[in-house]
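Sequence first, predicted model second:
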Amino acid sequence: MHDDRSLVEARLKRVLNERVRPAVYTDSIPLDVAVWTAPGEPVPVDEGLAAPTQPIAVGDSWGAPWGTSWFTVSGTVPAEWAGRTVEAVLDLGFNEASPGFQCEGLVYRPDGSPVKGLNPRNQWVRVGAPVAGGEEVVFHIEAASNPVIEGSVPFEPTHLGDKETAGSDPQYTLARMDLAVFDETVWNLIQDLEVLGELMLELPVEGARRWEILRAVSRALDVIDLQDVPGSAAAAREQLAEALATPAPATAHRISAVGHAHIDSAWLWPLRETVRKVARTTANMTSLLNEEPEFVFAMSQAQQFAWIKEHRPEVYAKVKKAVAEGRFVPSGGMWVESDTNMPGSEAMARQFVHGKRFFLDEFGIENDEAWLPDTFGFAAGLPQIIKAAGSKWLLTQKISWSKINKFPHHTFRWEGIDGTRIFTHFPPVDSYNCAMEGRQIAHAVRNFKEKGVARRSLAPTGFGDGGGGTTREMVAKAARMRSLEGSAAVRWESPGEFFAKAEAEYPNPPVWVGELYLELHRATLTSQAKTKQGNRRSEHLLREAELWATTAAVRAGAPYPYADLDRVWKTVLLHQFHDILPGSSIAWVHREAEKTYAAVAEELNGIIATAQRALAGDATAGSAVFFNSAPHTRGGVAAGAAGPAAAGEAARVVPGEDGGFVLDNGLLKVTVDSRGLVVSAYDLGARREAVAPGQAANLLQIHPDFPNQWDAWDVDEFYRNTVTDLTGLDELTAIDGGVRVVRSFGASTVTQLLTLTPGSKRLDIATEVDWHETEKFLKAAFPLDIHADRYASETQFGHVYRATHTNTSWEYAKFEACNHRFVHVAEPGWGVALVNDSTYGHDVTRTVRPEDAGTTTTVRVSLLRAPRYPDPQTDQGVHTFRHALVPGAEIGDAVREGYDINLPERRVAGDAEVAPLVTVDNDAVVLSALKLADDESGDLVVRLYESTGGRATARVLVGTSVGGVAVTDLLERPLADVPRPELTDRAVELSLRPFEMITLRLTRV
């Protein structure tokens, strides 16, 4: 037989697109359309429904950027349509290529009840099946004219990302507003042809199955009357029936399809628009659940449920009903799908606390899985947090985006820094927006790494990023692939059902140890510096607020601000979403974030001040009380205590030989040369130099920064090929305890204050940058005279080691990495820490000096970038940073100094001494949180962790009367399988593994 594959395949494509698809809607009549445009921000539903309208016609323009238009469509079903299925076809001016990234709508009935959402792949509203004829049809559409941020030229700068700069030109043209007869037979023919046609293209040419499908398709195309598709559709389907009925073998790969609509809580739209995206998507999904009995839909992010509960209760009522029926599944157990690299220890824990508690309180549901399909890499401290929250599984697919190395597993156990292992799955479909297309299903099967030992994977199915969710077409295609020869066997299942079956099938998968590093989007550790700074400062203010509010409640009987702290925590957690904290959202999002963080700081500072005032004693005594929020003794004041602080002497500053200065505090001697650079940082006690010979530390360096794509997200390795050292000097002057250095470069200026901390081997560097560069990357380099093949970076509840070399492609790929408060580089017996108050990105490299064969290990801090997409003004303006170089630091010193620089000293007028509520006798065991229990019982909750990577014993002494103690999970529930520790004389003895985190709940009496 001749090979006519190409002929049949091309014929199928044309007939489908030009004849069959247009025949889904046969008869149609136009609807009458009227519109009211809201003058500003979106209005409540009842206001939009009642607003006066004016006529608008198909072909008319509508919708300023970020505007809201309320359309009213009305018409009468013709009597001759009686007995047929009728739908309203409502095209607001969609581009079908980009659902979720343009205009959208939510359809309401006149009584205010929601019907479903409208988007480019979901333009229909069912009127009746069948209709009687003569029905009056009235729908209201809340239409959002969200502009297209990513246009025809990818990553092109645009001012549409902020309503203040977007202008008022209409963005869309009304395309179609009709009542139409829906031909279900034609629609089903389309699904048949698509499933078989897409499967056919994925099958081997040598196999009989491909040719069987080809012949069936060819026969169906022969039967279709191109002038009467509806009249011939049933006969065409008969030709395909046998091919569709051939079952899959028992050995077929099994795909658990999970209805999904990954909705970014902010990205190319502001937070307020996400509220409406969630309402539109959930209205769509509850409608689809009513129509499709096998369909299951999962939605993560408790914040998004909370939004519709508050803002769209009419939609939330439908969601609650579907959840109660078990088919709308709250998943993930987190407040948002957060970044997991940058959030601090407590913040990462609270993501699960607030997410799981919301689902428990609202639905009585507790998740066993963490659901993070789109997060940009996963910190090695996360497995312990997942387990401590009462979960045991993790799903993501983002690591498939890595550009250098192919991850070796799809199903495995992930081991964190403390040894905790979490059963983890990466969907081999390599998408969280699966559309049940044949190429996607075939890719999942071919790509699956566990062939021969497992045959089960998950496919998150539905349009996402901007929402939309699963469509009826996807459900229909999945039904045809339930058991279809040549295809994976597809079933709708919840995440929990999938994981239970996958783990039972594959109980001993391989283990991956350490971070799950994404070899892409590395610049998200630096972009939008003020957002990152707001996050870091908010996290530490929350620590202080809980600590001192708890102390004031116990010591002074002050009221504890439960509701205020709960609300502020949720605000901070929301802004850790994986496109907000990483700095990859539009200008509007980051402008609002800056204001939000300022309000958070004001409120938390107020809570702290109120608590400390209640504790400080007589404000007129003429003395001051130092409140130590750090987990280590500072200034002679114990951790968590308050009292008079020991004053240290400022460092001596004397002129240097070359026009620079020498700073000396008796512990550390620092030489700043005439260029304002640190050429020596000498540890007087150890008689050891930190700065590499012939090198200069605190050297600002600037690079061109124009990645191949994803401007705000990416920095490509070639940026390092070109570098300019910023050694030009405008000013070098002595100040109290240090020097002031001023430089200018390009259109920017930088001012630095270098000071020695009294009584400490620490060089503090306060940096202010007035930044006006474009597509540049600013770093600060610290070349250290240390021979080390690895270095430590702080992460949640510990630190992770990374190589300083590039022996393998896996190490080479980590040319930009994340730290929290410190980076530590050491030889046995001596090391250096570089601590910070708000930066995350860094790189570490090593070279061998030809002069003395010594090794220079260079740590560079990433300060600022200036990408132009999606925010063309990224990071423009004034920024402040604090760093400190700590020669002679062991890992414990790095932990201590990292906390100190993030918890500035607070002095309050008064004469009191306040004993700590909790004292830990081992500095390696760090107090992460001290608070009152969330259930308002008055119990104390104490969270601690081993911070150095070694085993530790500690005696935890409680400074108030307590009657009992229990080890709990993060939700403060006693763990049944963990013995209660003994409480003797208000003390608890603990023994901790390396990096182990433990939560204690103490009952007050």
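It's in. Numbering: from 1, shown residues only.

shaky segments in this protein?
1 (pLDDT under 70).

Give me the most central residue, it.
Residue closest to the mean C-alpha point of the chain, counted by CA atoms, centre = their mean, is H578 at 2.1 Å.

Contact partners for that one?
H578 sits next to 264, 336-339, 372, 374-376 when contact means CB atoms under 8 Å, 6 or more residues apart in numbering. C-beta: built from backbone N, CA, C; applies to glycine.

give me phi/psi at it?
Taking degrees, to the nearest 10, you get phi -70, psi 10 for the backbone angles of H578.

cool, V315 as well?
Main-chain torsions, V315, degrees, to the nearest 10: phi -80, psi -40.

from what I can see it touches P114, true?
Yes - between V315 and P114 there is a contact under CB atoms under 8 Å: 5.1 Å.

what is in contact with those two at once?
What both V315 and P114 touch, as defined by CB under 8 Å, 6+ apart, is the set 279, 283.

Against P509, how distant is the residue nearest to the centre of the chain?
26 Å (CB to CB, to the nearest Å).

what does G676 give?
55 Å.

likewise Y172?
Counting by CB to CB - Y172 and P509 are separated by 49 Å.

do the same with Y719
For Y719, the distance to P509 equals 37 Å [CB to CB].

what's the answer for V275, then?
From V275 to P509 the distance is 39 Å (CB to CB).

One more: D618?
64 Å.

between those two, which one's more packed in?
Using other CB atoms under 10 Å as the criterion, D618 and P509 rank with P509 on top: 22 against 11.

Spatially nearest residue to the more buried one, not counting backbone neighbours?
F412 (4.8 Å; CB to CB, 6 or more residues apart in numbering).

That neighbour and V513 touch, don't they?
No - using CB under 8 Å, F412 is not in contact with V513; the gap is 10.4 Å.

neighbour count winner among those two?
F412 (21 against 12).

who's in contact with the more buried one?
By CB under 8 Å, 6+ apart, the neighbours of F412 are 424, 509-512.

helix or strand for it, which one?
strand 411-415 (DSSP states H and E).

for that strand, the distance to its chain's centre please.
Distance of strand 411-415 from its chain centroid, counting by CA atoms, centre = their mean, to the nearest Å, is 21 Å.

What strands flank the next helix or strand after it, and is each parallel or antiparallel?
Next along the chain after strand 411-415, taking DSSP H and E as the criterion, comes strand 421-425. With DSSP bridges as the test, strand 421-425 is paired with strand 393-395 (parallel), strand 411-415 (antiparallel).

Export only the CA atoms of whichever strand or helix holds A833, formatted as CSV.
When elements are assigned from DSSP H and E, A833 belongs to strand 830-836. The C-alpha trace of strand 830-836 is given here as CSV (Å, rounded to 0.1, in the frame of the first residue of the first chain):
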residue,chain,number,x,y,z
TRP,A,830,39.1,29.6,61.0
GLY,A,831,36.5,31.1,58.7
VAL,A,832,34.8,34.2,57.6
ALA,A,833,31.1,35.0,57.5
LEU,A,834,29.4,37.6,55.4
VAL,A,835,26.1,38.6,56.8
ASN,A,836,23.3,40.8,55.5
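
Show me the helices in the stretch 551-700 of the chain, by range?
For the stretch 551-700 of the chain, the helices defined by DSSP state H, counting those that start in this stretch cover 562-574, 587-616.

where along the stretch 151-300 of the chain do the strands fall?
172-173, 176-182, 254-259, 297-299 (DSSP state E, counting those that start in this stretch).

name the helices or strands packed onto the first one?
Under the contact criterion of 3 or more CB pairs under 8 Å, 6 or more residues apart in numbering; DSSP states H and E, the helices and strands touching strand 172-173 comprise strand 61-62.

where does stretch 59-76 sit relative to the chain's centre, distance-wise?
Worked out by CA atoms, centre = their mean, stretch 59-76 lies 33 Å from the chain centre.

So A692 sits against H787, correct?
No - A692 is beyond contact range of H787, at 10.7 Å (criterion: CB under 8 Å).

Show me whatever sits in contact with both of those two.
What both A692 and H787 touch, as defined by CB under 8 Å, 6+ apart, is the set G854.

More neighbours: which of those two?
A692 (22 against 15).

So which of the helices of the stretch 551-700 of the chain is nearest L917?
helix 587-616 (11.1 Å; CB to CB).

In the closest one, which residues are buried?
587-593, 596-597, 600, 603-604, 607-608, 610-616 (16 or more other CB atoms under 10 Å).

Specify the angle between it and helix 562-574 in degrees.
Angle, helix 587-616 to helix 562-574, by axes from the mean of the first three to the mean of the last three CA atoms, to 10 degrees: 150 degrees.

Against which helices or strands is helix 587-616 packed?
Contacts defined by 3+ CB pairs under 8 Å, 6+ apart place helix 587-616 against helix 529-556, helix 562-574, strand 624-627, strand 642-643, strand 906-909.

again, only this time at 7 Å
helix 529-556, helix 562-574, strand 906-909 (3 or more CB pairs under 7 Å, 6 or more residues apart in numbering; DSSP states H and E).

Between those, which one is closest to V137.
Of all the helices and strands packed on helix 587-616, helix 562-574 comes closest under CB to CB, at 39.3 Å.

Could the C-alpha coordinates of that closest one be exported in CSV?
Output of helix 562-574 as CSV, limited to C-alpha atoms (Å, rounded to 0.1, in the frame of the first residue of the first chain):
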residue,chain,number,x,y,z
TYR,A,562,-4.0,37.5,68.4
ALA,A,563,-6.1,38.9,65.6
ASP,A,564,-3.6,41.6,64.6
LEU,A,565,-0.7,39.1,64.4
ASP,A,566,-2.8,36.6,62.4
ARG,A,567,-3.8,39.3,59.9
VAL,A,568,-0.3,40.6,59.5
TRP,A,569,1.2,37.2,59.1
LYS,A,570,-1.2,36.5,56.3
THR,A,571,-0.3,39.7,54.6
VAL,A,572,3.4,38.9,54.7
LEU,A,573,2.8,35.3,53.5
LEU,A,574,0.7,36.5,50.6
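
And the contacts of it?
265, 303, 335-336, 338, 347, 350-351, 354, 535, 538-539, 542, 545-546, 596, 600, 603-604, 607, 936 (CB atoms under 7 Å, 6 or more residues apart in numbering).

Among those, name the buried ones.
Buried among the contacts of helix 562-574 (16+ other CB under 10 Å): 265, 303, 335-336, 338, 347, 350-351, 354, 535, 538-539, 542, 545-546, 596, 600, 603-604, 607.

returning to what we had before: what pairs with the strand holding A833, parallel or antiparallel?
Strands that pair with strand 830-836, judged by DSSP bridges, come out as strand 822-827 (antiparallel), strand 877-887 (antiparallel).

From P427, how far out is D361?
D361 is 30 Å from P427, by CB to CB.

higher neighbour count, the two?
Neighbours were counted for D361 and for P427 using other CB under 10 Å; P427 has more, 26 against 10.

How much space separates that one from K449?
Taking CB to CB, one finds P427 at 12 Å from K449.

for A279, same thing?
Counting by CB to CB - A279 and K449 are separated by 39 Å.

what about these two, which has more around it?
A279 (25 against 17).

pretty sure the more buried one is touching E310, no?
No - using CB atoms under 7 Å, A279 is not in contact with E310, being 10.9 Å away.
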